[in-house]
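In: build me a structure from this.
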Amino acid sequence: MLNGIREDIQCVFERDPAARTKWEVITCYPGFHARTLHRLSHWLWRWKLKWMGRFVSHIARWLTGIEIHPAAVIGRRFFIDHGMGVVVGETAQIGDDVTLYHGVTLGGTAWDKGKRHPTLGNGVVAGAGAKILGPIFIGDNAKIGSNTVVVKDVPAGATAVGIPARILDNGQDETRARMAERIGFPAYGMSDDRDDPLTTAVHSLLDHVVTIDAMLEQIVLRLEDARSPRRDGEVNSDPFDPNYTIKQNC
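Out: Have a look, this model is predicted:
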């Protein structure tokens, strides 16, 4: 337990530039207090002292504004920044190196017993006010935007935003960025908010330019190949065949 507490203190310095000293973290960080008290309440819960576990959890909620059910399973280096209003349900499972900002809810969508709260993989970051609801899975290193409402699984490494959450399509981001650099437009300066009509229009134009550029490259390659005679000396009349050759005039 002491090693875990040391890791919790260290991860505060890694994720909060406002942290100055260990004493400040120990005495002034409600996220650290809530995590430390959860260790105790979870230990009591596992030893069937469930009322005591709930009581410790209640005291932690009163002191920090963070409510973590004693049955919730939390991994190493868990960090809650600011913390006020964070709620973690009974059957929630949280991996290592997870970060939650204030107002995050890991809640359920039904009154049935059993698994009804989300599972967060390693390295997940949930922005302020995010609501992750139901027995869903958030993949490793996924990012949940502020005030996002997530009710479906999120793939590893993805970014989810909006109500209800949608996965940002980052498939062409790298290609789009290269094209924008070529034409002198800083695409990385544009917002990823796909509800913004200006952003949508600019991204559509860049994607269209990428498609046209790829088609032109294919045409140039075939024209260059057409200038080379075929090995068997035959002439192919199909200009889109890679083996197309131009008959030379005598």
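
In: which element follows the helix or strand bottoming out on mean pLDDT in the chain toward the C-terminus?
Out: Within the chain, no helix or strand scores below helix 173-183, which has a mean of 57 by mean pLDDT, DSSP states H and E. Counting by DSSP states H and E, the next helix or strand C-terminal to helix 173-183 is helix 197-226.

In: in that next one, which residues are buried?
Out: Buried positions in helix 197-226, judged by neighbour count with 16 or more other CB atoms under 10 Å: 202-203, 206, 209-210, 226. Every C-beta, even on glycine, is put in place using the N, C-alpha and C of the backbone.

In: and residue 206, what pLDDT?
Out: We note a pLDDT of 75 for residue 206 in this prediction.

In: ugh, wrong one, residue 160
Out: Looking at residue 160, its pLDDT is 91.

In: and the one helix or strand it maps to, what does it pack onto?
Out: Using DSSP H and E, residue 160 falls within strand 159-161. Under the contact criterion of 3 or more CB pairs under 8 Å, 6 or more residues apart in numbering; DSSP states H and E, strand 159-161 touches strand 143-144, strand 166-167.

In: which parts of the chain are helices?
Out: Applying DSSP state H to the chain gives helices spanning 2-15, 22-28, 30-46, 50-64, 173-183, 197-226.

In: in a markdown table, list those helices along with distance to residue 92.
Out: Below are the helices of the chain laid out as a markdown table (distance: least, CB to CB, whole Å):
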| stretch | distance to residue 92 |
| --- | --- |
| helix 2-15 | 18 |
| helix 22-28 | 24 |
| helix 30-46 | 11 |
| helix 50-64 | 13 |
| helix 173-183 | 31 |
| helix 197-226 | 34 |
